[in-house]
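Student: take a look and give me a structure for this.
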Amino acid sequence: MSVPPLQPHTPTPDQEVSLRIGVLLFPGFQVLDVFGPLDCLNVLSRTHPLTLSLLSHTLDPVTSKVHSYPASIAQSILPTHTFSNPPPLDVLLVPGGLGTRLLDSDPITSSIAFIRSVYPSLRYLITVCTGSGLAARAGILDGRRATTNKRAFREISVWRSEVEWVAKARWVVDGNLWTSSGVSSGIDVILAWIGNVFGEAVARGVADGMEYRMVSDEGDDPFATLYGLE
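Tutor: Next comes the predicted model:
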């Protein structure tokens, strides 16, 4: 049986203007942290107006390669803008990955500075995995609830004691800050965000179209138990 195509969406007044999405990139990013949420947004953009920008410290291709695993395979992605010349943004997605640990490198120090500078103008900041560590280093999570990758939770949570780190959570929402657990949880947090902004039916439609089993409970976090965080 053929599946009917998605029908064009008739926007409500608050959805008539495209939401301007930005994705922050740095060497050593975790691939699914970026492309899991992006595929959800790709599907969403078929029926709802979105624009996308990919931002990094230079316009050079950004690799997911990490030097601590020299034999590993990797992929590269080409930015559209630099941190010094960003377009207007409504939403910034910050991925994690082993590259977040290179705290003294130019890509990471400039990433942290960019998060700090752009946050006041954003409608939403969404982090995946250890991307919340970069947001914490930027100081914007101070006094707020947040989570991160559970395998790296003990490491990342000491980066900023002013943050109320939540150990057992697939994702955490505090105001306009959406932080998620590790890697695949980026799909869950972006679907939860889509449900919040565009409606639960829209989020479920995106998940069903991707044949993804959507996690609807933000406290559904078996990995907190797996890594002894409870």
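
Student: so Lys65 makes contact with Ala71?
Tutor: No - using C-beta atoms under 8 Å, Lys65 is not in contact with Ala71; the gap is 10.5 Å. Quick note: C-beta positions are derived from backbone N, CA and C, even for glycine.

Student: between the two, which is the more surrounded one?
Tutor: Just comparing Lys65 and Ala71: by other C-beta atoms under 10 Å the higher neighbour count belongs to Lys65, 18 against 4.

Student: list the contacts of Arg123.
Tutor: 19, 90-91, 176 (C-beta atoms under 8 Å, 6 or more residues apart in numbering).

Student: most neighbours among these, which one?
Tutor: Ranked by neighbour count (other C-beta under 10 Å), these have Val91 at the top, with 22 neighbours.

Student: that one against Gly22, yeah?
Tutor: Yes - with contact defined as C-beta under 8 Å, Val91 reaches Gly22; the gap is 6.8 Å.

Student: so what sits against both of these two?
Tutor: In contact with both Val91 and Gly22: no residue, using C-beta under 8 Å, 6+ apart.

Student: any idea how far stretch 223-230 is from the middle of the chain?
Tutor: Its chain's C-alpha centre lies 22 Å from the corresponding centre of stretch 223-230 when counted by C-alpha atoms, centre = their mean, to the nearest Å.

Student: got the buried residues for it?
Tutor: Buried positions in stretch 223-230, judged by neighbour count with 16 or more other C-beta atoms under 10 Å: 223-224, 227, 229.

Student: what about Gly139, neighbour count?
Tutor: With other C-beta under 10 Å as criterion, Gly139 counts 14.

Student: spatially nearest residue to it (excluding sequence neighbours)?
Tutor: Once flanking residues are discounted, Gly139 sits nearest to Arg116: 6.3 Å by C-beta to C-beta, 6 or more residues apart in numbering.

Student: repeat that for Ser111.
Tutor: Nearest one to Ser111, counting by C-beta to C-beta, 6+ apart, is Phe26 at 5.2 Å.

Student: wait, the residue nearest to Gly139 sits on Ile140?
Tutor: Yes - using C-beta under 8 Å, Arg116 is in contact with Ile140, at 6.6 Å.

Student: more neighbours: these two, which one.
Tutor: When Arg116 and Ile140 are compared for neighbours, Ile140 comes out ahead with 20 against 15, by other C-beta under 10 Å.

Student: ok, and the closest non-adjacent residue to the more buried one?
Tutor: Here the residue nearest Ile140, using C-beta to C-beta, 6+ apart, is Tyr119, at 4.8 Å.

Student: check Lys65 too.
Tutor: Among residues not flanking Lys65 along the chain, Ala74 sits closest, at 3.6 Å (C-beta to C-beta, 6+ apart).

Student: what pLDDT does that neighbour get?
Tutor: In this model, Ala74 is scored at 96, pLDDT.

Student: which SS state does it fall under?
Tutor: When classified by DSSP: H, G, I helix; E, B strand; the rest coil, Ala74 comes out as coil.

Student: residues contacting it?
Tutor: Shown in contact with Ala74 (C-beta under 8 Å, 6+ apart): 63-66.

Student: could you rerun that using 10 Å?
Tutor: 27-29, 31, 63-66 (C-beta atoms under 10 Å, 6 or more residues apart in numbering).

Student: assign a three-state SS to Leu125, would you?
Tutor: Under three-state DSSP, Leu125 comes out as strand.

Student: partners of it in the sheet?
Tutor: Here Leu125 sits in beta bridges with Leu92, Leu177, as judged by DSSP bridges.
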